[in-house]
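Participant: Compute the structure for the input listed below.
(one chain, ligands or ions: 1)
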Amino acid sequence: MAAPEPIRIRKAVIPAAGFGTRLLPATKSQPKEMLPVGRKPVIQYVVEEIAAADIAQLLIVTSQQKRAIEDHFDLNGSSAHGLDEVAHCQMHYTRQSVPKGLADAIAHAEPFVGGEPFVVSLGDSLIRSMNPGGVLPRLIDTHVREGAAATILFETVAPEDVIRYGIAKPAGDPGQEFAVADLIEKPSVEDAPSTLAVAGRYVFAPTVFDYIRRTQPGRGGEIQITDTMRLMLQDGLPVWGVRMGEGERRLDIGNYRSYFRAFLEMALIDPDFGEEFGEFARARLDQDAE
Ligand code: G1P
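Facilitator: This is a model prediction of the structure:
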């Protein structure tokens, strides 16, 4: 008998339906996912990361005021206008018409995903990686090898920052990959079981949709994907974590503090202007110090 075909992940979902209230007024009439970080809007980096992992079918879940995202990925005529790395991707769009939370946004992907495992990448954070292919291949490898129901990318954050993230309780001492024992969405500093924060990249088995249907509203009255995975764990399904490694950094666009950092970091590595911009920034800061 022929060996079974290795599982390949062919589909990715990008939830991009959040209102971006923490970035007003910049997001009053445009999606936060379209804010430029260096030369490109943040969502382009997210799509490029997915395309680099050899996934070419993408669904973006949008909402009001998000049409600029669809316009951005249209190819006009023969020139890809800087979209060369993603020009081969099949882009699909659907709308979350009521803001019921991240898990509800992901639930909108069920008809697109069918019965296959899939990647979810949040549209408001980009992950810089020195590793060829980025973080997704590692996440997918762990997911397939462990037969996981969900696999999550984690970043270690400062203890006072746990209140902004989903936080893991690892089963035992966490290595680069670890079994997750429990998850809490945005715990208080006192209640946080670790400083391992959900970093906005997930792989799910299609059974996630059954668990989303059973998830009650949680933090902020929204249906949280962290709570969905908690239900999976309570049913004994394997949920795995992969830690971001050396040379990997998450740049978050969710608030101005992190957005400014992300922009600075990407402007500094711009192929044409990065060096010159770095000199300008240094001179400008020296001037202030005088
Ligand atoms: C979401 C998730 C949270 C995760 C975070 C990463 O929160 O609910 O678990 O840690 O993204 O950026 P949000 O930032 O949308 O409030």
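Participant: Mind listing the residues bridging to the residue in the chain that the ligand sits nearest to?
Facilitator: Nearest residue of the chain to the ligand (C-beta to the nearest ligand atom) works out as G166 at 2.6 Å. For the C-beta atoms, the positions are set from N, CA and C on the backbone; glycine is no exception. As for beta bridges, G166 partners with E185 under DSSP bridges.
Participant: what pLDDT does it get?
Facilitator: Looking at G166, its pLDDT stands at 97.
Participant: Could you measure from it over to G218?
Facilitator: 11 Å (C-beta to C-beta, to the nearest Å).
Participant: out of the two, which sits in the more crowded spot?
Facilitator: G166 (25 against 19; other C-beta atoms under 10 Å).
Participant: what sits against that one?
Facilitator: 152, 183-186, 197-198, 224-226 (C-beta atoms under 8 Å, 6 or more residues apart in numbering).
Participant: Now rank these by neighbours and give me the top one.
Facilitator: That'd be I225 among the contacts of G166, by other C-beta under 10 Å, with 31 neighbours.
Participant: Common neighbours of G166 and G218, please.
Facilitator: 185, 224, 226.
Participant: sorry, back to before: let's have the contacts of G166 in CSV, adding pLDDT.
Facilitator: What follows is the contacts of G166, written out as CSV (pLDDT from 0 to 100):
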residue, pLDDT
I152, 98
L183, 97
I184, 96
E185, 95
K186, 96
A197, 97
V198, 97
Q224, 96
I225, 97
T226, 97
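Participant: Widest-spaced pair of these?
Facilitator: I152 and K186 (15.1 Å; C-beta to C-beta).
Participant: follow-up on the earlier one: give me the subset of the contacts of G166 that also touch the ligand.
Facilitator: 185, 197-198, 224, 226 (C-beta under 6 Å from any ligand atom).
Participant: Same list (those residues) but as TSV, adding secondary structure and distance to V42.
Facilitator: Shown next, in TSV, are these (DSSP: H, G, I helix; E, B strand; the rest coil; distance: C-beta to C-beta, whole Å):
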residue	secondary structure	distance to V42
E185	strand	23
A197	strand	19
V198	strand	18
Q224	coil	22
T226	helix	22
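Participant: what's the closest of those to P137?
Facilitator: Using C-beta to C-beta, these come closest to P137 at V198, 19.0 Å.
Participant: give me the beta-bridge partners of the closest one?
Facilitator: F154.
Participant: Go ahead and confirm it touches T226.
Facilitator: Yes: under the criterion of C-beta atoms under 8 Å, V198 makes contact with T226 at 6.6 Å.
Participant: For the two, list the residues in contact with both.
Facilitator: With C-beta under 8 Å, 6+ apart, V198 and T226 have common neighbours 166, 183.
Participant: In contact with T142, which residues?
Facilitator: So T142 contacts 148, 151, 177, 240, 242 (C-beta under 8 Å, 6+ apart).
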